[in-house]
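> Turn this into a structure:
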Amino acid sequence: MLRRQAARESAARTYARALPIVPVRARGLTIEGADGRRYLDCLSGAGTLALGHNHPVVLEAIRKVLDSGAPLHVLDLATPVKDAFTTELFRTLPPGLADRARVQFCGPAGTDAVEAAFKLVRAATGRTGMLAFTGAYHGMTAGALEASGGAYDVRVARLPYPQDYRCPFGIGGERGAELAARWTESVLDDAKSGVPLPAGMILEPVQGEGGVIPAPDGWLRRMRDITTSRSIPLIADEVQTGVGRTGRFWAVEHSGVVPDVMVLSKAIGGSLPLAVVVYRDDLDVWRPGAHAGTFRGNQLAMAAGTATLAHVRENGLAERAATLGARMLAQLRGLTDRFTCVGDVRGRGLMIGIDMVTPGPPSPSDATGPLPPAPSLATEVQRECLRRGLIVELGGRHAGVVRLLPPLTITDEQTDAVLDRLTDAIASVAATAETREPVSPTPEGAEGPGRMPGG
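Here you go, the predicted model:
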């Protein structure tokens, strides 16, 4: 099957290159391959599987619809399944948004919802430009790519996204975040910046594909203030961060920010394709048919999504993710002292990244700065993890960040197994890393080894 896949599928395939396995069964955190080997899956469908593979409540919800004889394809007609999903979704939204929200069902992928959000704010404001951030990832369609950090021909103003380890200003911390906010204000208020008042600003509360970089809460509140005072709709891309992943049901809740628009996909479909845009009712200026799509009424996905949203909410899985994620981060941060090839460990909740670097002193021009990213070492860690029965993802500017996205249902015992296997894999790679010649990182914006967009 692997040989046939390589012969038949396009050169654009991604995960199949780094993970040469043939899954045949799966349950919770575990995948079983055709060769009988079992793997702990910390990729989780790029964050789609909030409850892991084939959770009983999801399977029961799907079976219930199938056994009921309900239509499976209804375009945007009202159905009991859709009504239940919308009700549950609104129950979880930040109160400041849920009280006056509208929802648009889009095509089945997160990138479809991003495109819809752009169309929405452009129609509502009469403006065309967009603000986005370095390192962003919003999808693979044309408009979404323009707002993503890897785009080349862009019509989007790119702003600095604050981070500590690779701070664009070389400072990090609160001061670095403050400079990033001031830069944003300058771009908007300087009549000669070349950036007219935009239709909207889109940001990720935690950059996932960009290297698992949580937005500082204070900075996110500044972005809310900046956009509000200038009548710029703020779009929060919660495609990967939503449904409890970061330790709150929606990642914007960490900062108390209420966006004007939220883009949702991945986990809201309970493992099946579903994407929506939720937005303030005063932005709802679309004419009938202004945004449509044949597959915007996926009844099975809505049923699975309702079950997932309710299970996460009723069982406190977001709070569980916060507690377990803090424990994992605390243990993994010890790797920076043990291995010189581990530059930084960061994350929020069960969204964790390990920044692999080239061992050795920093560059002469920046003796106190971060070490160069090491995509080749990250790829080796991913390969060694797979040999040990652990599936992880890569991300970051140069695909040098090893990423963990375990399901929210992971047990304490499984967590120990994941940490043990990951640490052993890193130790194996580190044992030989210091003896090699340094490897130059992939040029900024280019696709490095193992780069696997999760949209």
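> Figure out the length between the terminal residues of stretch 93-106.
18 Å (C-alpha to C-alpha, to the nearest Å).
> let me fix that: stretch 202-211
Using C-alpha to C-alpha, first and last residues of stretch 202-211 are 17 Å apart.
> hang on, T409 packs against L29?
Yes. The pair T409 / L29 is scored as a contact, 7.4 Å apart, by C-beta atoms under 8 Å. All C-beta atoms are positioned from the backbone trio N, CA, C, and that covers glycine.
> any low-confidence regions in the stretch 251-400 of the chain?
Residue ranges of the stretch 251-400 of the chain with pLDDT under 70: 361-368.
> how about the helices in it?
299-314, 317-333, 335-338, 375-387 (DSSP state H, counting those that start in this stretch).
> Packing partners of the last one?
Of the remaining helices and strands, those touching helix 375-387 by 3 or more C-beta pairs under 8 Å, 6 or more residues apart in numbering; DSSP states H and E are helix 15-18, strand 351-356, strand 393-395, strand 401-404, helix 412-433.
> same question, the shortest one
Secondary-structure packing of helix 335-338 (3+ C-beta pairs under 8 Å, 6+ apart): strand 342-348, helix 412-433.
> mind listing what's buried in that helix?
335-336 (16 or more other C-beta atoms under 10 Å).
> again with the longest one
Applying a neighbour-count criterion of 16+ other C-beta under 10 Å, one finds 317-318, 320-322, 324-325, 328-329, 332 buried in helix 317-333.
> Run the chain-centre distance for stretch 277-297.
From the chain centre to the centre of stretch 277-297 is a distance of 23 Å (C-alpha atoms, centre = their mean, to the nearest Å).
> whoops, I mixed them up, stretch 55-68
Centroid separation between stretch 55-68 and its chain, computed with C-alpha atoms, centre = their mean, is 27 Å.
> the residue most distant from the middle of this protein, which is it?
Largest separation from the mean C-alpha position in the chain: G69, at 35.2 Å (C-alpha atoms, centre = their mean).
> Check the spacing between that residue and F85 real quick.
19 Å (C-beta to C-beta, to the nearest Å).
> for S10, same thing?
33 Å.
> Between these two, which has more neighbouring residues?
Between S10 and F85, counting by other C-beta atoms under 10 Å, F85 is the more crowded of the two (28 against 5).
> surely that one meets L300?
No. Between F85 and L300 there is no contact under C-beta under 8 Å: 11.0 Å.
> so the closest residue to L335 other than its chain neighbours bridges to which residues?
Sequence neighbours aside, V342 is the residue nearest to L335 in space, at 4.5 Å (criterion: C-beta to C-beta, 6 or more residues apart in numbering). Here V342 sits in beta bridges with M356, going by DSSP bridges.
> and V342, how many residues sit next to it?
By other C-beta under 10 Å, neighbour count at V342 equals 27.
> One more: the one 10 residues further on?
When counting by other C-beta under 10 Å, one arrives at 23 neighbours for I352.
> dump the residue contacts of the nearest residue to A98 once chain neighbours are set aside.
In this structure, A98 finds its nearest non-sequential neighbour in F90, 5.1 Å apart by C-beta to C-beta, 6+ apart. Residues counted as contacts of F90 (C-beta atoms under 8 Å, 6 or more residues apart in numbering) are 98, 101, 103.
> any chance of those residues in a markdown table, with pLDDT too?
Below are those laid out as a markdown table (pLDDT from 0 to 100):
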| residue | pLDDT |
| --- | --- |
| A98 | 92 |
| A101 | 94 |
| V103 | 95 |
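> Return a ChimeraX selection command for the buried portion of those residues.
In ChimeraX syntax, the buried subset of the contacts of F90 is picked out as below (16+ other C-beta under 10 Å):
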select :101,103
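> For A16, state which of the contacts of F90 is nearest.
V103 (34.0 Å; C-beta to C-beta).
> quick one: contacts for the closest one?
86, 89-90, 276-279.
> buried subset of these?
Applying 16+ other C-beta under 10 Å to the contacts of V103 flags 86, 89, 276-279 as buried.
> distance between the helix or strand encompassing D112 and the chain's centre?
According to DSSP states H and E, D112 maps onto helix 110-125. From the chain centre to the centre of helix 110-125 is a distance of 18 Å (C-alpha atoms, centre = their mean).
> quick revisit: so how far is Q299 from the residue farthest from the centre of the chain?
12 Å.
> ditto for R37
In terms of C-beta to C-beta, R37 sits 35 Å off from Q299.
> Of the two, which one has the most company?
A direct count of neighbours by other C-beta under 10 Å for R37 and Q299 places Q299 higher, at 22 against 11.
> isn't the more buried one right next to S68, touching?
No. Using C-beta under 8 Å, Q299 is not in contact with S68; the gap is 9.8 Å.
> Where does pLDDT dip in the stretch 101-250 of the chain?
Checking the stretch 101-250 of the chain against pLDDT under 70 turns up 140, 142, 145, 149-154.
> Strands of that one, start to end?
Shown for the stretch 101-250 of the chain, the strands assigned by DSSP state E, counting those that start in this stretch span residues 101-105, 130-133, 156-159, 200-203, 206-207, 213-214, 234-237.
> Good, wrapping up.
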